[in-house]
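> Model the following, please.
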Amino acid sequence: MGFSPDKENQHSASWLRSKKALNNVLCAMRLNKPLTPKNQIQPPLASPRTPKIHHFTPTTDVVLDKTSLLSDEILLKILSKLPTSQRDANFLVSKRWLNLQGRLVRSVKLLDWYFLVSGRLLYRFPNLVRVDLVTGCLVSPQNLGVSVTNRIVSFHGGSDCFHHKDWFTPENYALSGDEVDRGLKVLAGGFPNLRKLAVMNATEMGLLSVAEECPALQELELRMCNDRVLRGIAACQNLQILRLSGVADGSLVSDVGLTILAQGCKKLMKLELSGCGGSFEGIRAIGQCCLMLQELTLSDHDMEDGWMLGLSFCENLKSLRLVSCRRIDGVLDEDLGCCPAIESLHLDKCQLRDKKSLRALFLISQNAREVVLQNCWGLSDDMFITATALRRVSSLSIQGCSLLSTHGLESVIISWDELKSLKVISCNNIKDEEINPLLSNVFAALKDLKWEPDSRSRLSSSLAGTGVGRKGAKFFNKSCDWKSLPASFRTKLDAST
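From the prediction side, this is the model:
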């Protein structure tokens, strides 16, 4: 008979399918001895007087996974040493590795709400300490290519959302308060060591369950809240970082809620209020009760006139940040007070229309050493001159303020003797050719200078390698490449010296 490849392949496949034969081969390889064919003459049996020798008896179950010899504790220590980029794919090895990998995960962003209420989140990741439920709290239509981006969150929605003024409300896309509370109770019961939580449209009862079951909670982000919800937050006595967001088209947070919050969360160190209301009474209550408060951020606030007067009660406040605020404050008294501990003042995407209120803000923050003005509409020379109320500025960063000119910048920074760092970016009304000797002297004393007011500015590239920003006033020495500097800059510098 001729050789048939098909028959040979079938014979090989049937031999490999035999579990017993495969185990014998593996055991023989481990013992380092050849196999004995069935038709080979067997050696004679040992006589009864021959001492009995115990040979290794091959088992039917061969250990192929060496890691199965390690305990879970040892294997967890080994896996925890791996970099995060190499750790994510470990769950593909086996079911055991899947469970072990889940025990190493500490932070999760929930996308499916049923994954939480069904208990699968606890079974899959039993040791979570940071949970973000915001995206899971939204019910968005499936298989729709419309991506909706709100200042609160981004998600997929239907085309009908563009036909309603109040499209982003709990009735439209967010889960009901009862459903959110149900998930919070499951979360609180399964993760008593929870430290960070972000949730949307929760009620007082849901937050109370978290406060009772999770005493270690330190950071909380609550979106779409009101005064009544803040009564549940007040029970979190160890809370240190709190971020609150009101309803998109109108704040429901007032002085009542801020006062309740201040009396309950006395260990707050960082507070962010977005789309919230209030006035002098609410800010004063926070300053008097939250003595450890160091950072305060107001975003798109709807505060009543006079709220800034309450800042003087925040005696340990070190950082004040205003983001996307249409106005700062209205009518102010002459006696504003001062926050002596403020070190950093940030204005980002704010509309600066009232010169009096801007000067009041600078007076309250007169001891600030770091000032950042970024993409602020209305910051002209006349408005920026109020910054002379700041006395100890050592770092100034201005970006995206197109109304500010070189003259307006110079009129302020020449009076700051402690200025060491200056960054001017994307301010098209500031020109290289307008640099005068006084401004040149200021540049010479800086330790850090980033000068990119527009795309045609040559000063930043010309100063590269000269030592500016590192040597202070000594950077104009013989090693400086004078020819690389602009001619107008060299002439004005010579005139100043």
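> What residues sit buried inside stretch 241-248?
Of the residues in stretch 241-248, L242, R243, L244, S245, G246, V247, A248 count as buried by neighbour count, 16 or more other Cβ atoms under 10 Å. C-betas here are computed from N, CA, C, even on glycine.
> For Y114, state which of those residues is nearest.
S245 (24.8 Å; Cβ to Cβ).
> Quick one: the helices in the stretch 251-400 of the chain, in order.
Secondary structure of the stretch 251-400 of the chain (DSSP state H, counting those that start in this stretch): helices at 255-264, 280-289, 355-364, 381-384.
> Ok, the stretch 101-250 of the chain next?
114-117, 120-124, 177-190, 204-213, 227-233.
> In CSV, list those along with distance to T259, mean neighbour count and mean pLDDT.
Shown next, in CSV, are the helices of the stretch 101-250 of the chain (distance: least, Cβ to Cβ, whole Å; neighbours: other Cβ atoms under 10 Å; pLDDT from 0 to 100):
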stretch, distance to T259, mean neighbour count, mean pLDDT
helix 114-117, 33, 16, 93
helix 120-124, 35, 16, 88
helix 177-190, 23, 19, 94
helix 204-213, 16, 20, 93
helix 227-233, 9, 20, 89
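> could you redo those as a markdown table and give each row distance to R321?
Below are the helices of the stretch 101-250 of the chain laid out as a markdown table (distance: least, Cβ to Cβ, whole Å):
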| stretch | distance to R321 |
| --- | --- |
| helix 114-117 | 33 |
| helix 120-124 | 34 |
| helix 177-190 | 29 |
| helix 204-213 | 26 |
| helix 227-233 | 21 |
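> returning to what we had before: what would the helices of the stretch 251-400 of the chain look like in a markdown table with distance to T203, mean pLDDT and mean neighbour count?
Output for the helices of the stretch 251-400 of the chain, formatted as a markdown table (distance: least, Cβ to Cβ, whole Å; pLDDT from 0 to 100; neighbours: other Cβ atoms under 10 Å):
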| stretch | distance to T203 | mean pLDDT | mean neighbour count |
| --- | --- | --- | --- |
| helix 255-264 | 14 | 93 | 22 |
| helix 280-289 | 21 | 94 | 21 |
| helix 355-364 | 36 | 92 | 20 |
| helix 381-384 | 43 | 94 | 18 |
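> Dump those helices to TSV, plus distance to E179.
Formatted as TSV, the helices of the stretch 251-400 of the chain follow (distance: least, Cβ to Cβ, whole Å):
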stretch	distance to E179
helix 255-264	23
helix 280-289	30
helix 355-364	42
helix 381-384	48
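> out of these, which comes closest to Y173?
helix 255-264 (24.0 Å).
> got the angle for the closest one vs helix 204-213?
10 degrees (axes from the mean of the first three to the mean of the last three Cα atoms, to 10 degrees).
> which residues make contact with helix 255-264 from outside it?
With contacts defined as Cβ atoms under 8 Å, 6 or more residues apart in numbering, helix 255-264 is touched by 226-231, 233-237, 242, 276, 278-279, 281-283, 285-286, 288-290.
> Keeping just the C-alphas, turn it into CSV.
Written as CSV, here are the backbone C-alpha positions of helix 255-264 (Å, rounded to 0.1, in the frame of the first residue of the first chain):
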residue,chain,number,x,y,z
ASP,A,255,-27.1,80.2,51.7
VAL,A,256,-29.2,77.6,53.5
GLY,A,257,-27.4,74.7,51.9
LEU,A,258,-24.0,76.3,52.3
THR,A,259,-24.6,76.8,56.0
ILE,A,260,-25.7,73.2,56.5
LEU,A,261,-22.7,72.1,54.6
ALA,A,262,-20.3,74.3,56.6
GLN,A,263,-21.7,73.0,60.0
GLY,A,264,-21.3,69.4,59.0
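> Residue numbering should commence at 540 henceforth.
Happy to do that; since the first residue is 540 now, the last one works out to helix 794-803.
> and that helix with helix 819-828, angle?
Going by the same axes, to 10 degrees, helix 794-803 makes 0 degrees with helix 819-828.
> Could I have the CA atoms of stretch 749-762 written out in CSV?
C-alpha atoms of stretch 749-762 as CSV (Å, rounded to 0.1, in the frame of the first residue of the first chain):
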residue,chain,number,x,y,z
VAL,A,749,-22.9,56.4,52.1
ALA,A,750,-22.0,58.6,55.1
GLU,A,751,-23.0,55.9,57.5
GLU,A,752,-21.4,52.9,55.8
CYS,A,753,-18.3,54.6,54.4
PRO,A,754,-16.7,56.7,57.3
ALA,A,755,-13.4,56.9,55.4
LEU,A,756,-14.9,58.9,52.5
GLN,A,757,-12.6,61.9,51.9
GLU,A,758,-13.5,63.2,48.4
LEU,A,759,-17.0,63.6,47.0
GLU,A,760,-18.2,65.0,43.7
LEU,A,761,-22.0,65.6,43.5
ARG,A,762,-23.7,66.9,40.4
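> For it, which residues meet the burial criterion?
V749, A750, E752, C753, L756, Q757, E758, L759, E760, L761, R762.
> Over to stretch 977-986?
L978, S979, V981, F982, A983, L985, K986.
> C940 is in contact with V911, isn't it?
No - applying Cβ atoms under 8 Å as the test, C940 and V911 come out as separate, 11.1 Å apart.
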